[in-house]
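Novice: only geometry, no sequence info:
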């Protein structure tokens with residue numbers, strides 16, 4: 001038998017173990033963007049979620065402006081101008097609970113088990129879910145401001161102030177989404193996530209400058225409202241929308257955003273690895 005025949009008859013060498021591709025920060029961004037698109041596609045398939053994010057804020061605008069406005073300030077137009085930034089912030093902040101509920105539901109359905117089998121960054125499914133939710137929250141902001149303008153609200157800050165105020169609340173919501181995601185991965189059921197999320201959301205949003213100035217609160221509650229991150233977000237938005245001072249509350253909003261993200265981003269990622 002010739003050397004050529006011997007080489008042809010020899011079985012091919014077994015390939016070595018396949019090495020998983022290295023996950024880099026750039027690939028993490030790419031994976032997160034791809035899964036963000038998946039989250040946006042879910043909006044088309046579940047339009048009732050969008051309706052909930054739009055109609056609830058509209059009810060708050062109508063109820064608080066026309067029911068409480070005259071009693072609070074003696075003039076519902078003045079209270080309208082005061083409360084619109086607060087309602088916008090409250091609506092977006094409450095909506096962040098949905099991030100944890102949605103993640104918890106996806107894990108129960110086994111979707112995240114499929115993600116874990118893919119060669120993608122561990123944080124990519126969380127990033128995709130949160131960025132997709134931010135698109136929903138942007139719609140909430142637009143709807144609240146549109147309805148406010150229909151009842152006569154005219155932000156003195158102009159278009160630049162409106163865009164800047166929307167950016168402030170959405171950036172802060174990004175940090176709260178990581179807290180909500182951590183809760184969604186830590187608790188067992190979507191109902192539990194919703195209940196515990198509401199427990200800490202109510203004191204944050206109502207014990208703040210959202211509906212009433214802290215000056216009109218009892219001393220102990222006013223002290224809490226002054227350091228409440230929702231107060232900083234609302235005051236920053238109020239200053240940007242009305243053309244007033246906003247530097248100090250904006251600085252505190254940035255501090256809170258960075259701090260919350262720095263704490264709950266790694267915690268949520270670790271909880272995801274353990275849960276999925």
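Specialist: Sure thing, it's come through. All of these numbers come straight from a predicted model, not from anything done at the bench.
Novice: Report the contact partners of residue 239.
Specialist: Residue 239 makes contacts with 245-246, 249-250, as judged by Cβ atoms under 8 Å, 6 or more residues apart in numbering. C-beta: built from backbone N, CA, C; applies to glycine.
Novice: One more pass at 7 Å, please.
Specialist: Residue 239 makes contact with 245-246, 249, according to Cβ atoms under 7 Å, 6 or more residues apart in numbering.
Novice: same question, residue 214
Specialist: Residues near residue 214 by Cβ under 7 Å, 6+ apart: 222, 225-226, 231.
Novice: pLDDT score for it?
Specialist: Confidence at residue 214, expressed as pLDDT, is 90.
Novice: Now the residue lying closest to it once chain neighbours are set aside: phi and psi?
Specialist: Residue nearest to residue 214 in three dimensions, not counting chain neighbours: residue 225, with 4.0 Å by Cβ to Cβ, 6 or more residues apart in numbering. Main-chain torsions, residue 225, degrees, to the nearest 10: phi -60, psi -30.
Novice: tell me the pLDDT at residue 225?
Specialist: 93.
Novice: do the same with residue 4
Specialist: On the pLDDT scale, residue 4 gets 47.
Novice: One more: residue 132?
Specialist: Residue 132 is given a pLDDT of 85.
Novice: about what we covered before: quick one: the residue nearest to residue 214 and residue 218 touch, right?
Specialist: No. The criterion here is Cβ atoms under 7 Å, and residue 225 misses it with residue 218 at 10.1 Å.
Novice: So for those two, which residue has more residues nearby?
Specialist: Neighbours of residue 225 and residue 218, each counted by other Cβ atoms under 10 Å, are more numerous for residue 225; the result is 20 against 8.
Novice: distance of that one from residue 165?
Specialist: Distance, residue 225 to residue 165, using Cβ to Cβ, to the nearest Å: 20 Å.
Novice: and if you look at residue 203?
Specialist: Going from residue 203 to residue 165 by Cβ to Cβ gives 23 Å.
Novice: Which one of those two is surrounded by more residues?
Specialist: residue 165 (28 against 13).
Novice: Which elements pack onto the helix or strand harbouring the more buried one?
Specialist: Per DSSP states H and E: residue 165 is located in helix 158-186. With contacts taken as 3 or more Cβ pairs under 7 Å, 6 or more residues apart in numbering; DSSP states H and E, helix 158-186 sits against helix 76-95, helix 97-109, helix 124-150, helix 190-206, helix 229-242, helix 247-275.
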